[in-house]
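S.K.: model the structure of this input:
(one chain, ligands or ions: 1)
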Amino acid sequence: MRPTRARIDLARLRGNAALAAARAPTSRLMAVIKADGYGHGAVAAARALEASADAFAVATLDEAAALRDAGIEAPLLLLEGPFEPADLVEAQARDLTVNITGPEQLAWLEAARLPGPLRCWLKLDTGMHRLGLDPADARDAWERLAACAHALPEVACTHFARAEELDRPETGEQLERFLAATRGLPLALSAANSPAVLARPDTHLDWIRPGYLLYGDTPLPRNHPAGDGLLPVMQFESAVIAVREIPAGDAVGYGGSWVAGRPSRIATVAAGYADGYPRTTASGTAVLVNGQRAPLAGRVSMDMITVDVTDLAPVQVGDPVRLWGDDLPVGEVAEGSGTTGYELLAGMPARTPREYTG
Ligand SMILES: *Cc1c(COP(=O)(O)O)cnc(C)c1O
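M.R.: Got it, this is the predicted structure:
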């Protein structure tokens with residue numbers, strides 16, 4: 001058996017959700033499980049969080065349908081709203097909540113012929129400039145929703161562009177615009193993503209919407225104490241499948257990008273970019289071999305990586321390797337390839353088996 005796998009501890013997922021809930025004790029919790037639960041398995045995540053989350057959020061109708069087919073009955077928001085008018089019919093039939101994200105979506109909803117009510121959120125663009133109605137149109141949009149017999153408007157929401165950058169003014173400015181635009185409307189309010197849940201209590205409002213933090217890594221600068229207590233849900237693990245000694249001056253891997261500066265011991269590990277370890281990861285990025293940090297040496301291959309274990313106690317075939325998880329946050333590994341832990345988790349391929357505990 002190939003030793004490469006993602007071990008997923010659902011008890012930790014619940015623990016991280018409890019931490020988020022404790023940070024925002026008067027808010028309701030919408031657990032964001034788009035992109036297959038950030039690579040952890042959306043159905044498994046939803047089942048694990050059914051008792052702790054008040055609602056779930058996904059990006060697409062397909063993701064929502066898979067959860068409904070698996071028996072998840074909790075409120076379920078389509079964050080990106082309908083992509084075409086027919087989506088509203090499907091959403092209503094599956095008892096989903098749609099985000100009304102622009103004037104087109106609002107018009108589609110008004111024109112829809114639905115056999116029953118459809119719950120909706122109203123999204124306002126307060127500065128991210130991706131989705132959402134102009135805040136100046138919030139009252140008019142709400143009045144149109146209120147006048148629409150089959151629409152059940154529940155929440156006004158917005159999304160922050162820079163909430164993890166704690167010293168910048170934009171999050172506060174977005175919040176002010178949001179509060180001003182929604183003042184007096186009989187709607188609950190939602191703004192906070194993971195960094196805002198952890199570091200901006202003023203943004204918690206009626207509903208928090210964390211995703212990334214649920215999976216156990218901090219979206220804040222790594223040394224910021226607001227991330228303390230989160231535990232990685234995924235352990236991306238493999239094992240050493242070969243060890244060799246090479247002389248100083250020899251290169252390792254495709255393109256010879258890493259050259260031994262001294263006689264070196266190289267361990268080959270059975271995980272590569274087809275397993276979810278990014279090909280762009282730089283030599284020097286930490287890998288845990290027998291629980292000890294050792295630097296990646298040479299280019300990531302499709303099914304393997306090579307690690308410089310010269311400074312470690314002797315390494316043997318079969319020794320355990322962790323690519324990320326405890327003692328090696330996914331966000332730190334992501335820095336070695338110029339991306340974020342979000343992308344690494346969301347990009348975990350189906351090839352890597354998920355093993356669940358908790
Ligand atoms: C993905 C997403 C979230 C969750 O963001 P995290 O940073 O993962 O917590 C919240 N709201 C919206 C609209 C999103 O698209």
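
S.K.: look up the closest residue to Leu328, ignoring the ones flanking it.
M.R.: Among residues not flanking Leu328 along the chain, Leu288 sits closest, at 5.3 Å (C-beta to C-beta, 6 or more residues apart in numbering). Heads up, the C-betas are built off the backbone N, CA and C, glycines and all.

S.K.: check the offset of whichever strand or helix holds that neighbour from the chain's centre.
M.R.: Assigned by DSSP states H and E, Leu288 belongs to strand 286-289. Offset of strand 286-289 from its chain centre (C-alpha atoms, centre = their mean, to the nearest Å): 23 Å.

S.K.: go on, stretch 237-252?
M.R.: Chain-centre distance of stretch 237-252: 33 Å, with C-alpha atoms, centre = their mean.

S.K.: that one: which residues count as buried?
M.R.: By 16 or more other C-beta atoms under 10 Å, the buried positions in stretch 237-252 come out as 237-241, 243, 246, 252.

S.K.: wait, Asn193 sits on Phe160?
M.R.: Yes - contact criterion C-beta atoms under 8 Å: Asn193 and Phe160 qualify, at 6.0 Å.

S.K.: give me the sheet partners of the strand holding Leu288 and which way each runs.
M.R.: Applying DSSP bridges, strand 286-289 is found paired with strand 292-295 (antiparallel), strand 320-324 (antiparallel).

S.K.: report how many residues lie close to the nearest residue to Tyr38 once chain neighbours are set aside.
M.R.: Closest residue to Tyr38 apart from its sequence neighbours, by C-beta to C-beta, 6+ apart: Leu345 at 4.4 Å. By other C-beta atoms under 10 Å, 28 other residues sit near Leu345.

S.K.: how far does the helix or strand containing Leu345 sit from its chain's centre?
M.R.: Assessed by DSSP H and E, Leu345 sits inside helix 341-346. With C-alpha atoms, centre = their mean as the basis, helix 341-346 stands 6 Å off its chain's centre.

S.K.: ok, now stretch 225-242?
M.R.: Worked out by C-alpha atoms, centre = their mean, stretch 225-242 lies 15 Å from the chain centre.

S.K.: equivalent analysis for stretch 254-264, please.
M.R.: Its chain's C-alpha centre and that of stretch 254-264 lie 35 Å apart, by C-alpha atoms, centre = their mean.

S.K.: gap between Phe236 and the ligand?
M.R.: 19 Å (C-beta to the nearest ligand atom, to the nearest Å).
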